[in-house]
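Visitor: Give me the fold of what follows.
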Amino acid sequence: LVTGVDHDEAKLALVEMFGHFAGRVDAWLLAEGVENVHELAAVTRLGVPLAQGYVLGRPASGWAVLPSEVRQQLIRAAAVAEERHTVEPFVEPWPFLEEGRELEGLQLVREALEPGSQMLSVLPVLDRYRRPVSIYSVSAAAPARTIAQVKATTRVTDAARRAMTRPYQRRFDPMACVDDAGTCLGVVRVERLIEALTSALDGHEPGRARSAA
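Guide: Modelled structure (predicted):
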């Protein structure tokens, strides 16, 4: 599918379709077999977040150094992505629980926050590398459940679509924002995404995150 995608309209349409589908089911698309800068430019333009291929480096024992042309191309693509409405302004710091010590951590969080704080309703559970593994719902019968993940460069519209495809009971769970290594940077609340979208419809610039405590 990736070979010759830069000059094949049918393949471009398919990649775009897969990208929309991935955004709705909380998945990331990987373009495998990107062999030249033209194919890389095409998949980048379509918002594909992950790529693999000889243009990025051949198999080796250590980390490959990107060719200057490829590096500059990726920098330009990142600059374009920053101009889009992404979830980055809505990433909020949030208390979390350590995996395997959820009940102990929950008690500490309760002591640290004001009673009734929204942060007490659901808390991300992180492993020892600060990667999200689940979300802990204080009021649910089965407290631990899957946590959705986004990157700071994820578009607001894509993140909102992912949230709305979740089961009703989980639809408004905060989404974990992670970096390229999977480390948790904070959470994105679905309420803030809805505010951003309604502000855009009203012709206003989407606002930044607010404190939840």
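Visitor: From here on, just use CA atoms for contacts and neighbour counts.
Guide: Noted.
Visitor: Check whether residue 46 really touches residue 14, as I assumed.
Guide: No - at 10.6 Å, residue 46 does not count as touching residue 14 under the criterion of C-alpha atoms under 8 Å.
Visitor: Geometric centre of this protein: which residue is closest?
Guide: residue 150 (1.2 Å; C-alpha atoms, centre = their mean).
Visitor: Surely it forms part of a strand?
Guide: Yes - with DSSP: H, G, I helix; E, B strand; the rest coil as the criterion, residue 150 is part of a strand.
Visitor: Would you mind measuring from it to residue 33?
Guide: Distance of residue 150 to residue 33, computed by C-alpha to C-alpha, to the nearest Å: 24 Å.
Visitor: rewinding a little: in the sheet, who's paired with the residue nearest to the centre of the chain?
Guide: Beta-bridge pairing of residue 150 under DSSP bridges involves residue 177.
Visitor: ok, it - contacts?
Guide: 159, 175-178 (C-alpha atoms under 8 Å, 6 or more residues apart in numbering).
Visitor: Where is pLDDT lowest across the residues you listed?
Guide: Lowest pLDDT of those: residue 159, 91.
Visitor: For that one, grab the count of nearby residues.
Guide: Residue 159 is flanked by 24 other residues according to other C-alpha atoms under 10 Å.
Visitor: what helix or strand does it sit in?
Guide: helix 156-164 (DSSP states H and E).
Visitor: count of residues packed around residue 38?
Guide: For residue 38, using other C-alpha under 10 Å, the count is 15.
Visitor: So it versus residue 8, what's the distance?
Guide: Counting by C-alpha to C-alpha, the gap from residue 38 to residue 8 is 12 Å.
Visitor: Ok, residue 88 next?
Guide: 33 Å.
Visitor: Compare those two (neighbour count), which wins?
Guide: residue 88 (19 against 12).
Visitor: contacting residues around the more buried one?
Guide: Residue 88 neighbours (C-alpha under 8 Å, 6+ apart): 151-154.
Visitor: please redo it, this time with the cut-off set to 7 Å
Guide: The contact partners of residue 88, taken as C-alpha atoms under 7 Å, 6 or more residues apart in numbering, are 152-153.
Visitor: Can you tell me the element residue 95 falls in?
Guide: Per DSSP H and E, there is no helix or strand for residue 95.
Visitor: okay, now it: neighbour count?
Guide: With other C-alpha under 10 Å as criterion, residue 95 counts 18.
Visitor: Residue 149 now?
Guide: 23.
Visitor: Cheers, nothing more for now.
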